[in-house]
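# 3D, please:
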Amino acid sequence: MSNSSVIDGDLYSSMSESEEEDVENSFFEGGESSSSVHDSQYFDDIIGEHVYKPDVPVQLIPFKGLIFKSLKLAIKMYSEYAEIGGFDVRPSTQSRFDNKIIKKKHVICNRGGKQKKKSCDTFFDELHIHPLEERSDLKKARQMSYSEKEFIVHASTLKIGPTMAHKLWSSLRGGYQFVKPKVADYKNLRRDINRVIGYKDAQMIVNTMNDRRAHYPNYSFEFNYQDDVLDCMFWVDEMEKAYYAEFGDVISFDATFRTNKYRMVFVPFTAIDHHKKSVTVGSGLLSNESIESYSWLLKAFLKTHGKEPTLVLTDQDAAIKQAVENVFRNSKHRLYDLFTNTNFRKRFSKLFWDINMKPDVFEVKWGLLMKEFNLEDTR
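You can find the predicted model right below:
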């Protein structure tokens, strides 16, 4: 190649004139090739006198003949150019070879309208018919934090509209200058939330959890889907991880109830702290109570916490029993039907959490407890 130039580690380079024609014919066939030469009369016909050109360093301006390792990198380059230039971009039309490989793809200004002349050469057009914006006013810079989205949702439940929510948030932050999203962004988010119905609710849940994982330290979230339908999910926050690290020797879990709207089973994981109070160390939702679903849930639990519990207490569900044996290979599994007996539960808790007891004394008291409730021969 002649006149080769390397940018960002050989990301793209310039080509000779013959190579340009080959690429242009193969990837931009029938489309618009180059705008290195602008016809002033043509632009006058379309946009009149008001023309705006981005003020961008010349080395960052795209030019005809660039080669990229992937379409994603090409779009990334143009998006970065647009951010510096003061406008947002969006993907537009594209065509494919045999409906598979992308042949041609357009990325245009977010305010771009319908092309008025098909003969126009618009491979790359620097001019705009609208004023350019400061980088702080672009859509990329106006992205909302998770806490801000959460505030808008909570405000809507209190019948507070997006405009008033924007005023309140600006007041809490110390002024409008400290809030990047505009009122229109608040309205758009409220609109999108109101549009979510039916099966899309599941996607909203997944998006919310992923957003929380991205913004909250040490938050874990796993999910699985079958045929584009949410099948299983598991989540743990930072406090629940701390509880498990301290009190995770003995845990219990079972399917407590099935949600009415989605018919999914809620499965909390519970431990006992040093105050003999129940603490949650994880939560899950399952679309069915199969061995596969419970096995996936326990694998997600193990992946998150990194260690198995010493003792697992469950009910007599056959699927749970098999899943525990498949995943928690080093844990002891016991049924907690006896824990419906209030007297036994109190005696067991007192005995188990008396950590100052000597091993021989503990063994004697354990034997007495087993004998009192006729459990000597019970696994």
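# could you pull out the strands for the stretch 201-350 of the chain?
With DSSP state E, counting those that start in this stretch applied, the stretch 201-350 of the chain shows strands at 220-226, 229-236, 250-253, 257-258, 265-272, 278-286, 311-314, 332-335, listed in chain order.
# among the ones you listed, which gets the worst mean confidence?
Note on the strands of the stretch 201-350 of the chain: strand 257-258 shows the lowest mean pLDDT, a mean of 69.
# returning to that earlier point: and the strands of the stretch 201-350 of the chain as CSV, adding distance to residue 80?
C-beta: built from backbone N, CA, C; applies to glycine. Listed next are the strands of the stretch 201-350 of the chain as CSV, based on distance: least, C-beta to C-beta, whole Å:
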stretch, distance to residue 80
strand 220-226, 30
strand 229-236, 35
strand 250-253, 48
strand 257-258, 49
strand 265-272, 45
strand 278-286, 40
strand 311-314, 51
strand 332-335, 55
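# make a markdown table out of the ones you listed and add distance to residue 370 and mean neighbour count.
Output for the strands of the stretch 201-350 of the chain, formatted as a markdown table (distance: least, C-beta to C-beta, whole Å; neighbours: other C-beta atoms under 10 Å):
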| stretch | distance to residue 370 | mean neighbour count |
| --- | --- | --- |
| strand 220-226 | 38 | 17 |
| strand 229-236 | 34 | 20 |
| strand 250-253 | 17 | 21 |
| strand 257-258 | 33 | 12 |
| strand 265-272 | 20 | 20 |
| strand 278-286 | 24 | 20 |
| strand 311-314 | 15 | 19 |
| strand 332-335 | 13 | 14 |
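# out of the ones you listed, nearest to residue 182?
For those, the distance to residue 182 is smallest for strand 220-226, at 29.8 Å, taking C-beta to C-beta.
# show me what the closest one is packed against.
helix 200-215, strand 229-236, helix 291-305 (3 or more C-beta pairs under 8 Å, 6 or more residues apart in numbering; DSSP states H and E).
# in TSV, list those along with distance to residue 167.
What follows is the helices and strands packed on strand 220-226, written out as TSV (distance: least, C-beta to C-beta, whole Å):
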stretch	distance to residue 167
helix 200-215	23
strand 229-236	33
helix 291-305	40
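# what about the closest residue to residue 290 other than its chain neighbours, how many neighbours?
If the residues on either side of it in the chain are set aside, residue 290 comes closest to residue 319, at 5.9 Å by C-beta to C-beta, 6 or more residues apart in numbering. Counted with other C-beta atoms under 10 Å, residues neighbouring residue 319 total 16.
# residue 50 is nearest to which of the helices and strands packed on strand 220-226?
helix 200-215 (39.5 Å).
# got the CA coordinates for that closest one in PDB?
Output of helix 200-215 as PDB, limited to C-alpha atoms (Å, rounded to 0.1, in the frame of the first residue of the first chain):
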ATOM      1  CA  LYS A 200     -40.900  -7.500  28.300                       C
ATOM      2  CA  ASP A 201     -41.100  -7.200  32.100                       C
ATOM      3  CA  ALA A 202     -38.500 -10.000  32.300                       C
ATOM      4  CA  GLN A 203     -36.100  -8.000  30.200                       C
ATOM      5  CA  MET A 204     -36.700  -4.900  32.400                       C
ATOM      6  CA  ILE A 205     -35.800  -7.100  35.500                       C
ATOM      7  CA  VAL A 206     -32.600  -8.300  33.800                       C
ATOM      8  CA  ASN A 207     -31.600  -4.800  32.700                       C
ATOM      9  CA  THR A 208     -32.200  -3.500  36.200                       C
ATOM     10  CA  MET A 209     -30.100  -6.200  37.800                       C
ATOM     11  CA  ASN A 210     -27.300  -5.700  35.200                       C
ATOM     12  CA  ASP A 211     -27.400  -2.000  35.900                       C
ATOM     13  CA  ARG A 212     -27.200  -2.600  39.600                       C
ATOM     14  CA  ARG A 213     -24.300  -5.000  39.200                       C
ATOM     15  CA  ALA A 214     -22.500  -2.300  37.100                       C
ATOM     16  CA  HIS A 215     -23.000   0.400  39.700                       C
END
